[in-house]
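1. Let me see the structure of the following:
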Amino acid sequence: MSTLQTRQEPQTRPPSAPPRRRRRTRGPAARAAWSVGLLALPAVVYFVVFNYLPMAGLVVAFKEFDVNLGIFDSPWNGLENFRYFLESGDAARILFNTLFLNVLFLGATLAAGILLAIMLNEIRSTFFKRVSQSVVFFPYFVSPVVISIILQVLLAGATGGGGAVNDAMSVFGLPSVDWYTEPGPWPWILTVVKIWQLGGYLSVIFLAAITGIPEEVYEAGMIDGASRAQMAWRITLPLLKPTAAVLLVLGVGRIFYGDFGTIYAIIGDNGTLFENTDVIDTYVFRALRQLGDFGTTAAIGLFQSVVGFILVVIAVMIQRKYSKETSIL
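-> A predicted model of the protein is given here:
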């Protein structure tokens, strides 16, 4: 018996067509990214033109600058400009005033901003709350020249017509003070001015942070029988720590930069008050205006920037070590 063996031929499949490439369509996310990029473009151009390109002029700090020769052809003098400033009799006083005043300004304005934000948050009337926010925010827009005029009205010396403060002191039998010849009180006067100027501005930042606190946290506090003051102290204040830490680090970065506009508008060229009010920025301005020494002024400005960068790095490292959850890096 023979068996028929049928030969089965392998079934062949037709060759598959190459996969079609999907055309990439620009979705809403891509369009939004382009829109944000276009909005950021003017700011990027501004910083490149006014902050990065001028950095080429830092070479003046290491040269004996001559206007006729220009920046790059002026003779090189190494660290002489830095040595001239650091070995002058004014360096220690200027550095101390800059550091001391900025520490006062930074601590006082942050404390005032937190306190104002908590107080505004406790206001129940929406209308009164908005009016209060506008009132405390308004001094941020007041010109330093206007502040100087207000201080002259309030603090006119005993030999200059009294002034409102001296008139009030005389009611209580206190002696009049010639404020513009007494350098001692001026660090505290300038601190009060900065609180008045920046307290409301910072309170808006902290108030925005307070609105981000979940309402359930306060409800839990109310269930536990906490008063409004206790909730502000135990809940609101600790939860504002991340915002305060960021503002503190940013403030430390500019701790060697004095508020030139406010200080110079108020103090001007009153040499009697330089002992406690002269900072690096006002000193550089006077040196440039009176001596025309571009090399030394550029060296002082570079010194400010380097020290500010070092202080920011130190502040961030300390923040990451002791409070990593609030670190900005």
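2. I'd like the distance between residue 306 and residue 320.
-> Applying CB to CB, to the nearest Å, the value for residue 306 to residue 320 is 22 Å. (Glycine included, C-beta is placed from N, CA and C.)
3. Please say which of these two ends up with more neighbours.
-> Of the pair residue 306 and residue 320, residue 320 is the one with more neighbours under other CB atoms under 10 Å, namely 14 against 11.
4. Report the rounded mean pLDDT for the helix or strand containing the more buried one.
-> Residue 320 belongs to helix 294-322 when assigned by DSSP states H and E. When pLDDT is averaged over helix 294-322, the result is 81.
5. Please identify the buried residues of that helix?
-> 294-304, 307-308, 311-312, 315-316, 319 (16 or more other CB atoms under 10 Å).
6. repeat for stretch 241-256
-> Those would be 243-249, 251-256, for stretch 241-256 by 16+ other CB under 10 Å.
7. so which pair among these is furthest apart in space?
-> By the measure CB to CB, 243 and 256 form the most distant pair in the buried residues of stretch 241-256, at 23.5 Å.
8. tally of neighbours for the residue nearest to residue 279 when sequence neighbours are not counted?
-> What sits nearest to residue 279 in space, not counting adjacent residues and going by CB to CB, 6 or more residues apart in numbering, is residue 258, at 3.1 Å. For residue 258, the count of nearby residues is 27 (other CB under 10 Å).
9. can you pull the contacts of residue 258?
-> Residue 258 is in contact with 97, 98, 101, 102, 279, 280, 281, 282, counting by CB atoms under 8 Å, 6 or more residues apart in numbering.
10. at 6 Å what do you get?
-> Shown in contact with residue 258 (CB atoms under 6 Å, 6 or more residues apart in numbering): 98, 279, 280, 281.
11. Need the phi and psi values for the second one.
-> Backbone geometry at residue 279, expressed as degrees, to the nearest 10, gives phi -110, psi 180.
12. What residues does it make contact with?
-> 97, 98, 258.
13. mind checking which helix or strand the last one is in?
-> Residue 258 belongs to no helix or strand when elements are defined using DSSP H and E.
14. Phi first, then psi, for it.
-> Dihedral angles of residue 258 (phi, psi; degrees, to the nearest 10) stand at phi -80, psi 160.
15. now for the helix holding residue 320, which elements pack on it?
-> Secondary-structure packing of helix 294-322 (3 or more CB pairs under 6 Å, 6 or more residues apart in numbering; DSSP states H and E): helix 80-86, helix 241-253, helix 280-290.
16. Pull out the buried residues from the shortest one.
-> Just to be clear, that refers to helix 80-86. 81, 82, 84, 85.
17. so which of those comes closest to residue 119?
-> Checking the buried residues of helix 80-86 against residue 119 with CB to CB, the nearest one is residue 85 at 44.2 Å.
18. residues in contact with stretch 129-146?
-> For stretch 129-146, contacts defined as CB under 6 Å, 6+ apart pick out 116, 120, 123, 196, 197, 200, 201, 261, 262, 265.
19. and it, what's its mean pLDDT?
-> 90.
20. Do a quick rundown of the strands in this protein.
-> Using DSSP state E, the chain contains no strands.
21. If you compare the directions of whichever helix in it runs longest and helix 280-290, what angle comes out?
-> Counting residues, the longest helix found in the chain (DSSP state H) is helix 91-121. Angle of helix 91-121 versus helix 280-290, following axes from the mean of the first three to the mean of the last three CA atoms, to 10 degrees, is 130 degrees.
22. Counting by contacts, list what helix 91-121 packs against.
-> Counting by 3+ CB pairs under 6 Å, 6+ apart, helix 91-121 packs on helix 186-211, helix 280-290.
23. worst average pLDDT in the ones you listed?
-> Looking over the helices and strands packed on helix 91-121, mean pLDDT reaches its minimum on helix 280-290, with a mean of 83.
24. That one - contacts with which helices or strands?
-> Applying 3+ CB pairs under 6 Å, 6+ apart, one finds that helix 280-290 makes contact with helix 91-121, helix 260-267, helix 294-322.
25. ok, the closest residue to residue 80 other than its chain neighbours to residue 79 distance?
-> Of all residues not flanking residue 80 in the chain, residue 64 sits nearest, at 7.5 Å (CB to CB, 6+ apart). Per CB to CB, residue 64 is found 12 Å from residue 79.
26. The two: who's more crowded?
-> Remark: of residue 64 and residue 79, residue 64 carries more neighbours, 16 against 11, as counted by other CB under 10 Å.
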